[in-house]
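1. Have a look; sequence and predicted model below, questions after that.
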Amino acid sequence: MTIPLFEINPDLDRADLQRRYREHGRVQVRDVLTERTANVIRDILESQVPWGFAWQASDHAPQRMTSEQLAAMPITRRQEIAQVLQQAAGKGDYAFRFNSFAMVEAYLAQANPGSPMDLLVEHLNDQPFLDLVREVTGIPTLLKADAQATLYAGGDFLGLHNDSQVADGWRVAYVLNFAREWKPDWGGYLNFFDDQGDIIEGWRPRFNALNLFAVPQPHNVGYVPPFAPVGRFAITGWVRDR
């Protein structure tokens, strides 16, 4: 039997999800996909993605390296980047680092036509997924989703920010999680903050859970400590109205 690559769980209580999103501007949709397709996607992320590296420190422009560029990078350059990131984060400046694969860019460049990652881009821009997000958020004008695959390992984090690019059509941020049995001590939570800097809600990277939240609102991804296992896999991006 052929297992579909992407299949929305038909048993979701969409009315309850819509109510919670309307009340808080965010919601975690648990068991969003059927279990069989969630397991397939997790296996693809674990074994078939050419992971690169994304980072930014302070006022430096965000950087993204392909797997080939990362493999060719001298150890001294890796150490320089690590030091710059540590200094920026230590000052409280915006910074991030995590393993990344730019799904939409690879799709448009036809780097590997027909690959599972290309097919996932198509599913994220097909009506079943977009209709789910439209219904839950109450935003019927959503047109498309961008996407990158992310993998947070020891030392990775995403600093506090608010996704302010509303003028670019960003309406709803999403995180489709594929981390199995993630423990609280391993960090990597998606945290939301009030204007006092307190965490008002934090979501574990729960397997087969879709996080949806309106932008802008302050959030981060907590630091993953060195002892955490490699495995915080996700597909992330924004659903746009233009």
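-> Happy to help now that I have it. Numbering: from 1, shown residues only.
2. residue ranges for the helices of this structure, please.
-> 14-24, 35-47, 67-72, 75-91, 103-108, 116-124, 127-137 (DSSP state H).
3. which one of the ones you listed lies closest to Phe193?
-> helix 14-24 (13.5 Å; CB to CB). Bear in mind the C-beta positions are built from the backbone N, C-alpha and C, glycine included.
4. okay, now Gly138: neighbour count?
-> Look at Gly138: counted by other CB atoms under 10 Å, it has 9 neighbours.
5. In contact with it, which residues are there?
-> 18, 21-22 (CB atoms under 8 Å, 6 or more residues apart in numbering).
6. and with 7 Å instead?
-> 18, 22 (CB atoms under 7 Å, 6 or more residues apart in numbering).
7. any low-confidence regions in the protein?
-> 1, 167 (pLDDT under 70).
8. Would you check that Val221 makes contact with Gly188?
-> Yes - counting by CB atoms under 7 Å, Val221 does reach Gly188; the two are 6.2 Å apart.
9. what's around the spatially closest residue to Pro140 that is not a sequence neighbour, how many residues?
-> Using CB to CB, 6 or more residues apart in numbering and skipping the chain neighbours, the partner closest in space to Pro140 is Arg134 (5.4 Å). Per other CB under 10 Å, the neighbour tally for Arg134 reads 17.
10. Tell me who's in contact with the residue positioned nearest the centre of the chain.
-> Of all residues in the chain, the one closest to the mean position by CA atoms, centre = their mean is Thr236, 2.7 Å from it. Neighbouring residues of Thr236 by CB under 7 Å, 6+ apart: 148, 150, 174-175.
11. So which of those residues sit within strands?
-> Using DSSP state E, the subset of these located in strands is 148, 150, 174-175.
12. re earlier: so the residue nearest to Pro140 touches Lys144, yeah?
-> No - with contact defined as CB under 7 Å, Arg134 does not count as touching Lys144 (11.7 Å).
13. Please tell me how far the residue nearest to the centre of the chain sits from Arg14.
-> Look at Thr236 and Arg14: by CB to CB, to the nearest Å, they are 22 Å apart.
14. Next: Ser47.
-> 33 Å.
15. Compare the two (neighbour count), which wins?
-> In this view Ser47 and Arg14 are compared by other CB under 10 Å, and Arg14 has more residues nearby, 12 against 7.
16. From what I see, the more buried one and Arg134 are in contact.
-> No - Arg14 is beyond contact range of Arg134, at 10.5 Å (criterion: CB under 7 Å).
17. next one: stretch 102-122 to chain centre, how far?
-> Relative to the chain's own centre, stretch 102-122 is displaced by 17 Å; criterion: CA atoms, centre = their mean, to the nearest Å.
18. Likewise for stretch 171-182?
-> 6 Å.
19. what does that stretch rub up against?
-> With CB under 7 Å, 6+ apart, stretch 171-182 has contacts from 38, 41-42, 45, 133, 137, 139, 142, 163, 188, 190, 204-207, 209-215, 231-241.
20. Can I get the buried ones among those residues as something I can paste into PyMOL?
-> Selection of buried members from the contacts of stretch 171-182 for PyMOL, criterion 16 or more other CB atoms under 10 Å:
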select buried, resi 38+41+42+45+133+137+142+163+188+190+204+205+206+207+209+210+211+212+213+214+215+231+232+233+234+235+236+237+238+239+240
